[in-house]
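Output the structure for:
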Amino acid sequence: MRYCKCMEEKGKLCHLIDEVIEFVTCPSKDEFSDIVFAVARIGRAGYVNIPGIRRHVNKINNRMQLYGCIRSKSVHQ
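So this is what the prediction gives:
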């Protein structure tokens with residue numbers, strides 16, 4: 001799936017730091033999956049084959065289908 005420009009908006013390291021802060025603030029499987037995805041982006045790994053990443057990929061794919069952006073709706077309000 002092709003993603004919106006938000007995927008390129010921040011540096012990869014900044015994205016990882018943001019996700020770690022979110023996880024520390026409110027730990028969940030969802031936030032952990034976001035961290036795994038951010039690490040995979042840094043390592044340029046194939047996203048689909050990394051354990052724990054599927055939750056994040058499904059979430060952003062769903063957002064793209066619903067409203068054309070990977071970010072949560074709260075970011076756009």
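
How much space separates the spatially most central residue of the chain from residue 70?
Of all residues in the chain, the one closest to the mean position by Cα atoms, centre = their mean is residue 34, 4.6 Å from it. Remark: distance between residue 34 and residue 70 (Cβ to Cβ, to the nearest Å) = 11 Å. Glycine gets a C-beta too; all of them are placed from N, C-alpha and C.

so where's the chain shaky on pLDDT?
1, 9-10, 45-49, 74-77 (pLDDT under 70).

Please, which helix or strand holds the nearest residue to residue 72 once chain neighbours are set aside?
Nearest in space to residue 72, with sequence neighbours left out and distances taken as Cβ to Cβ, 6 or more residues apart in numbering, is residue 63 at 7.3 Å. Using DSSP states H and E, residue 63 sits in helix 54-67.

And that helix, what's buried?
For helix 54-67, a neighbour-count test (16 or more other Cβ atoms under 10 Å) marks 55-57, 59-60, 63 as buried.

and it, how far out from the chain's middle?
Here helix 54-67 is found 9 Å from its chain centre; the criterion is Cα atoms, centre = their mean, to the nearest Å.

Remind me what that helix packs against, helices and strands.
Judged by 3 or more Cβ pairs under 8 Å, 6 or more residues apart in numbering; DSSP states H and E, the packing partners of helix 54-67 are helix 29-43, helix 73-76.

Of these, flag the one that's most buried.
helix 29-43 (a mean of 17; mean count of other Cβ atoms under 10 Å).

Between helix 54-67 and it, find me the angle.
Interaxial angle, helix 29-43 versus helix 54-67 (axes from the mean of the first three to the mean of the last three Cα atoms, to 10 degrees): 90 degrees.

Give me the helices and strands touching helix 29-43, please.
Against helix 29-43 (3+ Cβ pairs under 8 Å, 6+ apart) you get helix 12-25, helix 54-67.

out of those, which comes closest to residue 44?
Residue 44 sits nearest to helix 12-25 of all the helices and strands packed on helix 29-43, at 9.3 Å, using Cβ to Cβ.

For that closest one, which outside residues touch it?
Contacts to helix 12-25, defined as Cβ atoms under 8 Å, 6 or more residues apart in numbering, come from residues 10, 31-32, 34-35, 37-39, 41-42.
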